[in-house]
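J.: Structure for this input, please:
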Amino acid sequence: MEGILGEMIPLAGIAMIILVVVIPIWLRTHYASQDRARLHETVRLMVEKGQPVSSEMLESLNSTPNVQYRDPGRYGSSGDIRRGVTMIAVALAMCGLGYALFEVSDFGRIIMGAAAFPGFIGLGFVVIGLFNRSKPKA
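T.: Model prediction:
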């Protein structure tokens, strides 16, 4: 029983990480597509009844609904620095978890190694944000 359970714990951990990332992204895109379908249906009914369709409504059909992409020109480098600090915090949290599990099994080493990925990505965001901060805005 100990052998099977010992093998299932890492798999369950990996499955939880995947679920924490995949499910929120799927939910967001699912509900965004439902909103877009409702908007298309509304416009279709307006055209069938002969009502005028405003230019704002047509513009909203051409834009990506409910997904707010940050314009780098508008938000500057602070968004990159925030993302970087968040990724570094995730890496540190993963290192803490790995250190706590290090005493129990070798799985802690794997987690600490995996923490390098968000850590270096976060470091890259911080560096990009610092380089962009020094550029004058046009």
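
J.: Could you tell me how many residues sit around the residue nearest to residue 99 when sequence neighbours are not counted?
T.: Closest residue to residue 99 apart from its sequence neighbours, by CB to CB, 6 or more residues apart in numbering: residue 108 at 6.4 Å. The way it works is simple: take the backbone N, C-alpha and C, and place the C-beta from them, glycine included. Neighbours of residue 108 under the rule other CB atoms under 10 Å: 17.

J.: Double-check residue 108 against residue 94; I have them as touching.
T.: No. The pair residue 108 / residue 94 is not scored as a contact, 10.2 Å apart, by CB atoms under 8 Å.

J.: For the protein, which segments count as helices?
T.: Assigned by DSSP state H, the helices in the chain fall at 2-48, 55-62, 72-75, 78-102, 107-114, 116-133.

J.: And the residue nearest to residue 99, how far from residue 53?
T.: Going from residue 108 to residue 53 by CB to CB, to the nearest Å gives 59 Å.

J.: which residue sits farthest out from the middle of this protein?
T.: Distance from the centre of the chain peaks at residue 50, with 41.6 Å (CA atoms, centre = their mean).

J.: Next, count neighbours for residue 91.
T.: 21.

J.: Please read the previous query as pertaining to residue 58.
T.: As a burial measure, residue 58 scores 10 neighbours (other CB under 10 Å).

J.: Can you give me the pLDDT of the nearest residue in space to it that is not next to it in sequence?
T.: Nearest non-adjacent residue to residue 58, counting by CB to CB, 6+ apart: residue 43, 7.9 Å away. pLDDT, residue 43: 84.

J.: got it, and residue 65?
T.: 50.

J.: The residue nearest to residue 58 contacts residue 59, correct?
T.: No. Counting by CB under 8 Å, residue 43 sits too far from residue 59 to count as a contact (11.8 Å).
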